[in-house]
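Trainee: Attaching a predicted model along with its sequence, questions to come.
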Amino acid sequence: MSTKTILLIVVITAGLMAGGLSFYQLGFSNGETHALSVGSTETKRTTQVVDPSTWGIAEGEVASKRHIEAGLKAGDIDPVTERKILYYHDPMVPGNKFEAPGKSPFMDMMLVPTYAGAESSDNSTVSVSSRIQQNLGMRTGEVMLAQWTPELSAVGTVAWNDRSQFMVQARATGFVEKLHVRTALDPVSKGQSLLELYVPDWVAAQQDYLTTLGLKTEGLERLTQAALQRMRQAGMTETQISQVKSTRQVHARITLSAPASGVITELMVRDGATVTMGTPLMRINSLSSLWVEAEIPESLTAQVRVGSEVEAQTAALPAEVFRGQVQALLPEINPTTRTRKARMVLDNPHELLAPGMFVQMKLSGGPARTALVVPSEALVRTGQRTLVIGVENEAFRPFEVRIGHEQNGQTEILSGLKQGQKIVLSGQFLIDSEANLKGVEGRWSLDKKQGSVKPEAQSYHTSALVEAVADETLTLTHPEIPALKWPGMTMDFRLAPDHSSIKPEVGSTIQIEFLLPEDEAPLIIQWQPEHNKANGGEQ
């Protein structure tokens with residue numbers, strides 16, 4: 001084979017090898033590009049959109065820093081949340097809105113964004129993630145329409161019924177010859193003999209009467225009637241006089257009987273005692289009905305009506321229910337306890353109740369009526385108003401309500417809510433915390449005219465280190481303020497105009513009292529040096 005032929009074969013072989021290598025590199029590059037595109041698509045598909053409604057302050061600051069790097073501002077779409085940015089705000093000073101992200105002019109912190117469609121974008125509502133609600137066991141319920149029967153519970157003490165008291169007294173002057181009862185609290189029955197009384201005055205009156213009956217002379221009717229009248233004046237009853245007529249004998253002794261069944265509550269005589277006409281001998285109280293006296297709070301006395309039904313139970317007889325009614329609402333208020341005494345009459349047919357027992361009573365406060373009711377645990381009492389937190393579109397909004405009576409764990413709603421409205425029963429403290437952390441305006445103090453939420457005029461106290469003083473603005477570093485859930489930070493405070501003439505020195509530590517005006521920086525209304533209360537501000 002010639003040299004030329006060998007060289008031609010080598011050239012052709014090299015060309016084929018170079019072409020094959022080029023095709024291999026091109027195929028590998030196309031395959032890698034395809035693989036990267038597929039991987040990018042899969043990554044995009046598996047990326048989840050973040051819900052900003054679950055963010056706190058820390059997440060909001062991170063988002064603001066990311067917006068600064070990406071050049072985002074109000075009106076743009078955040079690629080992480082895929083929501084439109086409405087504005088930026090300082091959660092510690094709610095109400096101020098900013099177009100671009102940046103550092104807060106009031107605090108040493110970043111502004112946080114508010115997004116369209118986020119539940120917390122409404123300044124009058126606040127949202128809590130479903131995960132947190134489930135972890136804390138938050139419960140909700142509804143405003144219900146129910147038959148409301150006003151009832152009042154009270155504790156009372158059983159006492160003797162003074163209207164069932166009987167007095168046994170001497171009808172004539174005499175001597176107690178025999179006493180059949182020995183001591184107080186002895187039980188007696190109606191008609192039972194109590195004592196025997198010898199009355200000397202009756203002897204002469206009866207002798208005169210019997211003498212007139214024994215005379216045969218005509219015209220003695222006046223004398224007979226006069227003798228009968230003397231016996232009556234001596235204290236003899238018609239029964240005793242009839243006994244003298246029928247037996248034609250003198251009865252100088254009288255047996256006194258019990259006028260009613262009951263208990264001797266007071267015994268004033270003994271055997272051999274001398275008594276005069278009208279002298280009290282003993283008192284008898286019936287046990288068939290007893291009084292119960294209860295102290296009713298002044299604010300609840302309007303529910304107590306004379307004649308209302310009463311049910312009572314005592315720990316000594318848990319299976320027994322005693323019934324009665326309200327006899328009187330005594331016209332006197334105890335100035336110490338601010339209570340009014342109510343008197344009830346309870347039937348005691350089996351004489352199971354005894355004076356001195358404690359009883360738990362239920363009083364009917366009037367006829368049943370239809371009313372809106374909510375569980376009492378749903379109420380949030382601030383001292384100035386009563387609130388109920390309602391649920392609207394999975395967000396929470398406060399409603400000021402006017403309440404009526406409360407019983408059995410239910411409270412009557414007079415105004416502020418509607419039937420079927422969904423409300424929060426437990427976990428209100430969490431919602432209040434979220435309201436402050438997420439910048440909901442104030443602590444939900446309702447404006448009746450606008451129905452919006454405005455901050456209460458409440459002042460707060462803290463110590464602070466003065467970093468800078470400029471005109472009416474103080475730059476202070478303060479520790480954590482638990483009442484506002486603020487962490488320790490450096491921020492600007494404004495001095496009230498009437499306190500701006502005297503300013504603290506830079507580097508000094510002062511005690512301040514400040515307010516949180518709407519749409520403005522915190523306002524100092526009082527300040528004083530940490531260790532010298534004689535200077536600075538209003539003391």
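Mentor: Sure, I can see it. Numbers count the residues shown, from 1 in each chain.

Trainee: alpha carbons only for contacts and neighbour counts from here, please
Mentor: OK.

Trainee: and the closest residue to Ala342 other than its chain neighbours, what pLDDT?
Mentor: Nearest non-adjacent residue to Ala342, counting by Cα to Cα, 6 or more residues apart in numbering: Leu329, 4.5 Å away. Here the pLDDT value assigned to Leu329 is 89.

Trainee: With Thr301 as the reference, measure out to Leu329.
Mentor: Distance of Leu329 to Thr301, given as Cα to Cα, to the nearest Å: 8 Å.

Trainee: Got phi/psi on Asp271?
Mentor: Note on Asp271: its backbone torsions stand at phi -60, psi 140 [degrees, to the nearest 10].

Trainee: how about it, what does it touch?
Mentor: Neighbouring residues of Asp271 by Cα atoms under 8 Å, 6 or more residues apart in numbering: Val176, Glu177, Lys178, Leu179.

Trainee: swap the cut-off to 10 Å and go again
Mentor: Phe175, Val176, Glu177, Lys178, Leu179, His180, Arg182, Leu195, Glu196, Leu197 (Cα atoms under 10 Å, 6 or more residues apart in numbering).

Trainee: do Lys341 as well
Mentor: With Cα under 10 Å, 6+ apart, Lys341 has these contacts: 156, 293-298, 301, 328-334.

Trainee: of the residues you listed, buried ones?
Mentor: Buried by 16 or more other Cα atoms under 10 Å: Gly156, Glu293, Ala294, Glu295, Ile296, Pro297, Thr301, Ala328, Leu329, out of the contacts of Lys341.

Trainee: Now distance to Phe166 and secondary structure too, for the residues you listed, in TSV please.
Mentor: Shown next, in TSV, are the buried ones among the contacts of Lys341 (distance: Cα to Cα, whole Å; DSSP: H, G, I helix; E, B strand; the rest coil):
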residue	distance to Phe166	secondary structure
Gly156	25	strand
Glu293	21	strand
Ala294	25	strand
Glu295	28	strand
Ile296	30	strand
Pro297	34	strand
Thr301	32	helix
Ala328	21	strand
Leu329	24	strand
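
Trainee: ok, the residues you listed vs Ile68, which is closest?
Mentor: Checking the buried ones among the contacts of Lys341 against Ile68 with Cα to Cα, the nearest one is Pro297 at 63.0 Å.

Trainee: The nearest residue to that closest one once chain neighbours are set aside: what's it in contact with?
Mentor: Spatial nearest neighbour of Pro297, chain neighbours left out: Thr339 (4.4 Å); criterion: Cα to Cα, 6+ apart. By Cα under 10 Å, 6+ apart, the contact list for Thr339 reads Ala294, Glu295, Ile296, Pro297, Glu298, Ser299, Leu300, Thr301, Glu332, Ile333.

Trainee: how about a cut-off of 6 Å?
Mentor: Glu295, Ile296, Pro297, Glu298, Ile333 (Cα atoms under 6 Å, 6 or more residues apart in numbering).

Trainee: Check the gap between the fourth one and His67 for me.
Mentor: From Glu298 over to His67 the distance is 62 Å, taken as Cα to Cα.

Trainee: State the number of residues packed around Thr382.
Mentor: 9 (other Cα atoms under 10 Å).

Trainee: where does it fall, phi/psi-wise?
Mentor: Torsion angles, degrees, to the nearest 10, at Thr382: phi -100, psi -10.

Trainee: Out of the contacts of Lys341, which is nearest to Trp55?
Mentor: Taking Cα to Cα as the measure, Trp55 sits nearest to Pro297 out of the contacts of Lys341, at 48.1 Å.

Trainee: a markdown table please, covering the contacts of Asp271 and showing distance to Thr279.
Mentor: Shown next, in a markdown table, are the contacts of Asp271 (distance: Cα to Cα, whole Å):
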| residue | distance to Thr279 |
| --- | --- |
| Phe175 | 12 |
| Val176 | 12 |
| Glu177 | 16 |
| Lys178 | 17 |
| Leu179 | 16 |
| His180 | 18 |
| Arg182 | 18 |
| Leu195 | 14 |
| Glu196 | 15 |
| Leu197 | 12 |
